[in-house]
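Peer 1: Below are the sequence and a predicted model; questions follow.
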Amino acid sequence: MAVKKYRIAIIGCGMICNAAHMPSIAELMKKGFAEVVAVADIRECAARETAKRWEIPAWYTDPQQMLDEVKPDWVSVCTPNVYHKKWSIAALRAGAHVMCEKPMALTYQDAKEMFAEANKAGKLLWACQSRRWSADMDFAYQAMRDGDIGRPYFADISFVRRFGIPTWGFFHMKEHNGGGSFCDLGVHFIDALLWMCDNPRVEAVSGMQTDVLAKKKEDILLSIKESGAYIGTFTPRKYDPDEFSVEEFAAGTMRLAGNFLVNFKFTWALNQPTAKHFLICGDKGGIDVEKFMLYKNVGKFQSETELKYFDNRPFAGVAFDAHRYMYEHVYNVIEGREERLVKPEETLNVVAAIEAFYRSAAENREIRTVELGGYEL
């Protein structure tokens, strides 16, 4: 039986393209499943150097021209957040399946329009919530499926960087990225939490944001790895702290259906040690995803059990390994071999949380998702 080889094009040739998407596509290419036919970026140096680095036959500075001339089967959108909708819809209308980096959209209505375009085109639109393939999240999901904590009703999630502001692209500029630490780090943890808990409806968000440390312009010893760029910053854009216009710190609470409360905190910079925290509590027990501890009562005793898992998957320890598993899954979904793991209704729920957070921070009040207009799961 002949293997379908998909002609893939990429829009956006920054860090995530070179560090995560291209290595993942390379694995599909080894199996004869794909070839990269073109890349596009508004920065000529980024497009040209990415094409040269990966031996891609064509590069463009106009993504629409690329879509019109190359007519790819599959497009990966790796642009800053504000441009996700525009180029995802353009690629869908050009007849391509689309993988869009997270967050797929910043407003609920935009996400609905994007999925409507995908349905109209009969193509797959995929939000790259890659953390679902991270070993810790995957194993925690399995533990949740076994019912070890019962019905969840409280979660405490945080991703704190002591000083890890992305400085190589457009992350820090609201006109290009829409937001900062919440839509960069928080989107992964919120997606994973909702996924593990069977996607309870986001009912309300109360949040605040600050930009204190970035504006001080202190010459801090900054690890590019801590800021999220393990590899792939080959053509960085010069960072200017005067351009910083998003939040470095985001915190608050989120209410989910079923009387479920979530505390959250996501930071690029905070005078607190770098750490991740992901705790879910239910009526039968609790699970700490980062420490992989299970808290339960055994008879008349309290029990704290350290769970052990072994990541024997082929890319264990490789930077952005989750993207590689995700790409193979998406290929299998397109081919009809697997049921899609990241479902549209889950992505819409996450995007509703994002929009509600930023409205809450701007208006200094709790935002109920019914205020977003037409919100439904």
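Peer 2: Everything's here; your move.
Peer 1: burial count for the closest residue to His172 other than its chain neighbours?
Peer 2: With C-beta to C-beta, 6 or more residues apart in numbering as the criterion, His172 has its nearest non-adjacent residue at 4.7 Å, and that residue is Phe244. Every C-beta, even on glycine, is put in place using the N, C-alpha and C of the backbone. For Phe244, the count of nearby residues is 22 (other C-beta atoms under 10 Å).
Peer 1: so what are the domain limits for this protein?
Peer 2: Domains of the chain are assigned by automatic domain parsing as 6-131+320-340, 132-318+347-372.
Peer 1: Least confident of these, on average?
Peer 2: Mean pLDDT values for those show the minimum at domain 132-318+347-372, a mean of 93.
Peer 1: roughly how far out does it sit from the chain middle?
Peer 2: 10 Å (C-alpha atoms, centre = their mean, to the nearest Å).
Peer 1: ditto for stretch 85-93
Peer 2: Counting by C-alpha atoms, centre = their mean, stretch 85-93 comes out at 18 Å from the chain centroid.
Peer 1: Other residues contacting it?
Peer 2: Residues from elsewhere that reach stretch 85-93 (C-beta atoms under 8 Å, 6 or more residues apart in numbering): 9, 11-12, 63-64, 67, 72, 75, 77, 79, 98, 100, 104-105, 110, 113-114, 117-118, 120-121, 123, 125.
Peer 1: Pull out the buried residues from these.
Peer 2: Buried by 16 or more other C-beta atoms under 10 Å: 9, 11-12, 63, 67, 72, 75, 77, 79, 98, 100, 104-105, 110, 114, 117-118, 121, 123, 125, out of these.
Peer 1: Among those residues, which lie within strands?
Peer 2: Ala9, Ile11, Val75, Val77, Val98, Cys100, Leu125 (DSSP state E).
Peer 1: end-to-end on stretch 182-189?
Peer 2: 10 Å (C-alpha to C-alpha, to the nearest Å).
Peer 1: And stretch 139-155, by the same measure?
Peer 2: 17 Å.
Peer 1: do stretch 32-48 as well
Peer 2: End residues of stretch 32-48 are separated by 25 Å (C-alpha to C-alpha).
Peer 1: so how far is that stretch off the chain centroid?
Peer 2: Here stretch 32-48 is found 21 Å from its chain centre; the criterion is C-alpha atoms, centre = their mean.
Peer 1: Please identify the buried residues of it?
Peer 2: Going by 16+ other C-beta under 10 Å, stretch 32-48 has these buried residues: 33-41, 43, 46-48.
Peer 1: Which two of those residues have the greatest separation?
Peer 2: Farthest pair in the buried residues of stretch 32-48 (C-beta to C-beta) is Phe33 and Arg43. Separation: 29.1 Å.
Peer 1: what helix or strand is Pro57 on?
Peer 2: Using DSSP states H and E, Pro57 sits in no helix or strand.
Peer 1: Ignore what I typed, I meant Tyr325.
Peer 2: Element membership of Tyr325 [criterion: DSSP H and E] is helix 321-334.
Peer 1: Please enumerate the helices of the stretch 201-350 of the chain.
Peer 2: All helices of the stretch 201-350 of the chain, identified by DSSP state H, counting those that start in this stretch, fall at 321-334, 344-363.
Peer 1: Turn these into TSV, including distance to Phe154 and mean neighbour count.
Peer 2: Listed next are the helices of the stretch 201-350 of the chain as TSV, based on distance: least, C-beta to C-beta, whole Å; neighbours: other C-beta atoms under 10 Å:
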stretch	distance to Phe154	mean neighbour count
helix 321-334	26	21
helix 344-363	17	22
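Peer 1: and Gly282, which of those helices is closest to it?
Peer 2: helix 344-363 (19.6 Å).
Peer 1: From the contact counts, what lies against the closest one?
Peer 2: helix 108-121, strand 125-128, helix 187-196, strand 202-210, strand 249-256, strand 367-368 (3 or more C-beta pairs under 8 Å, 6 or more residues apart in numbering; DSSP states H and E).
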